[in-house]
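Undergrad: Provided below for reference: sequence and predicted model.
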Amino acid sequence: MKHKFLLFSLALALVLSSCNLPLSAPTETPTPTFTDTPAPPTDTPQPTNTPLPTDTPLPTLTFTPSVPTATTLDKPVNCRLGPGTEWLVVSALNLGQSSQIVGKNSDTSWWLIQDPLATGRNCWVASSVTSASGNLSGLQIAQTPAATVTNVTIKLDPKLIDLGLLCIGVVPAVKFTGSIETNGPTNVKWHFETQQGGVQPDKTTEFGAFGIKEVSGEYTPVAPIVAGKYWVRLVVTSPNSLVAEAL
């Protein structure tokens, strides 16, 4: 019996070896897995102190004042040489027209403006008949101009002397009249001059406003009188010099 068992075992081993079957399956050894170990943390830099922004001041706004101007109201306005109706009209501010104000008088009743009809010249308009706009606070008091004599004339009566009258001892007087014109209020100093008689005394005529005033004088020739032409002059010496002559 024992021999039969051994034979059986031997036969079984041969069969199995011929089939290339392993006698027993080997146990697989598991491959170890490696877990990445994180690197130790580096030193984290401490935050630096960032300065807070300072208050940036807003830019200062520079105020540019508006240009002061005068504008007509409902009708054209005379523009005069000086601040007042006693001054000559030299220009005009037409209806709806404006002009820059460059000055004023002491009580702000008149504006000195740029002459709208003549570049480079100024003239005066009344504030009561104009509308002012813009920044008026910086306006300076403008100097009132000095009035002047603008024209003089002279004429003789009679222009001819009858020499026949001299024969009977009559020497007729020659009368002369003249005119003086000013552009504003002023006092005018003047005199007549004759070719035979020379300079006559000075006289003064007051002008309360612009305009024309007549002046007169006379001269009696002294014998002997030679036939010919003789001049007579009206001479203004103040506020300016001006001369008119007649023969």
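TA: Yep, that arrived. Numbering: from 1, shown residues only.
Undergrad: who's in contact with Phe207?
TA: Ala147, Thr182, Gly184, Pro185, Thr186, Asn187, Val188, Lys213 (Cβ atoms under 8 Å, 6 or more residues apart in numbering). Bear in mind the C-beta positions are built from the backbone N, C-alpha and C, glycine included.
Undergrad: now, which of those sits nearest Asn94?
TA: For the contacts of Phe207, the closest approach to Asn94 (Cβ to Cβ) belongs to Gly184, at 23.3 Å.
Undergrad: quick one: contacts for that closest one?
TA: Leu81, Gly82, Glu86, Trp87, Leu88, Pro145, Ala147, Thr148, Phe207, Ala209, Phe210 are the contacts of Gly184 under Cβ under 8 Å, 6+ apart.
Undergrad: Then Thr150 would be within a helix, right?
TA: No. Applying DSSP: H, G, I helix; E, B strand; the rest coil, one finds Thr150 to be strand, outside a helix.
Undergrad: The chain should start at 52 in everything you say after this.
TA: Taking 52 as the first residue, the last one we looked at is Thr201.
Undergrad: and it, how many residues sit next to it?
TA: Residues contacting Thr201 under the criterion other Cβ atoms under 10 Å number 15.
Undergrad: So it sits against Glu232, correct?
TA: Yes. Assessed by Cβ atoms under 8 Å, Thr201 is found in contact with Glu232 at 5.2 Å.
Undergrad: Spell out which residues make up each domain of this protein.
TA: Domain segmentation of the chain under automatic domain parsing yields 120-184, 200-297.
Undergrad: Direction included, what does the helix or strand where Val266 lies pair up with?
TA: Element membership of Val266 [criterion: DSSP states H and E] is strand 262-270. Strand 262-270 has the following strand partners under DSSP bridges: strand 225-233 (antiparallel).
Undergrad: Buried residues, the strand it pairs with. List them.
TA: Neighbour counts over strand 225-233 (16 or more other Cβ atoms under 10 Å) mark Val225, Phe227, Thr228, Gly229, Ile231, Glu232, Thr233 as buried.
Undergrad: again with stretch 191-199
TA: Quick answer for stretch 191-199 (16+ other Cβ under 10 Å): Ala193, Thr195, Ala198, Thr199.
Undergrad: Please work out which residues outside stretch 149-168 touch it.
TA: Outside stretch 149-168, the residues touching it (Cβ under 8 Å, 6+ apart) are 118-123, 130, 134-135, 141-145, 148, 172-179, 181, 183, 185, 187, 190-193, 195.
Undergrad: Which ones among the contacts of Phe258 lie within helices?
TA: Residues of the contacts of Phe258 located in helices (DSSP state H): none.
Undergrad: Out of those residues, the closest to Glu296 would be?
TA: Using Cβ to Cβ, the contacts of Phe258 come closest to Glu296 at Val239, 17.8 Å.
Undergrad: So what does Ser178 look like in phi/psi?
TA: Backbone geometry at Ser178, expressed as degrees, to the nearest 10, gives phi -70, psi -20.
Undergrad: Check Val180 too.
TA: Dihedral angles for Val180 - degrees, to the nearest 10 - are phi -110, psi 10.
Undergrad: so where's this structure uncertain?
TA: Filtered on pLDDT under 70, the chain yields the residue ranges 52-116, 209-222, 274-278.
Undergrad: Which positions in the strand holding Val266 come out as buried?
TA: With the criterion 16+ other Cβ under 10 Å, strand 262-270 contains buried residues Val266, Gly268, Tyr270.
Undergrad: measure the last one to Trp241 for me?
TA: So the one you mean is Tyr270. Noted for Tyr270: a distance of 16 Å to Trp241, by Cβ to Cβ, to the nearest Å.
Undergrad: same check, this time on Ala198
TA: For Ala198 relative to Trp241 (Cβ to Cβ), the value is 15 Å.
Undergrad: Could you do Asn173 as well?
TA: Distance from Asn173 to Trp241, by Cβ to Cβ: 29 Å.
Undergrad: Repeat that for Lys264.
TA: On the measure of Cβ to Cβ, Lys264 and Trp241 end up 10 Å apart.
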